[in-house]
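Novice: How does the following fold in three dimensions:
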Amino acid sequence: MKNFVVKTLANAGALAVATWLLHDITLTGSSTGRKIGTLLLVALVFGLVNFLVKPLVSLLSLPLFLLTLGLITLVINALMLLLTSWLADQLDLSFHVEGFWTAVLGGLIISVVSWALNVVLPDGKD
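Specialist: Okay, the predicted model is just below:
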């Protein structure tokens, strides 16, 4: 359970950094508290997408992974971010990613920041 909370917080932090760096990834809200709440909910959706959908997509794209020497991972991460944006819209969360190339860059930023936060934050496996 602690590991789940840490990963969700890392995803929220990574999404916040991507939102801050890229003007085409938007998170709106009337107050800071509402933005933080929305960010945590979007992080949960993003975590579920990465847990449920990404392994299947990665398995199906294995030949492309080998052919592109792993660069297809950038496209898969972008698609997961776009799917999260679409789901957030369906759930009436104020998070939006505008365009594929923004999603590619956002996915790269989220991957790097999430990795760094997972290294720094404790995961409860002591």
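Novice: pLDDT score assigned to the residue nearest to the spatial centre of the chain?
Specialist: A centroid search over the chain (C-alpha atoms, centre = their mean) returns Phe46, at 5.0 Å, as the residue closest to the centre. As predicted, Phe46 sits at a pLDDT of 94.
Novice: The nearest residue to it once chain neighbours are set aside: neighbouring residues, count only.
Specialist: Distance criterion C-beta to C-beta, 6 or more residues apart in numbering; nearest residue to Phe46, sequence neighbours excluded, is Thr84 at 4.6 Å. In this view, the C-beta of every residue, glycine as well, is placed from N, C-alpha and C. Burial of Thr84 is recorded as 28 neighbouring residues (other C-beta atoms under 10 Å).
Novice: Now do the helix or strand where Thr84 lies: which elements does it pack against?
Specialist: Using DSSP states H and E, Thr84 sits in helix 72-90. Counting contacts by 3 or more C-beta pairs under 8 Å, 6 or more residues apart in numbering; DSSP states H and E, helix 72-90 packs against helix 32-52, helix 54-60, helix 62-67, strand 95-97, helix 100-120.
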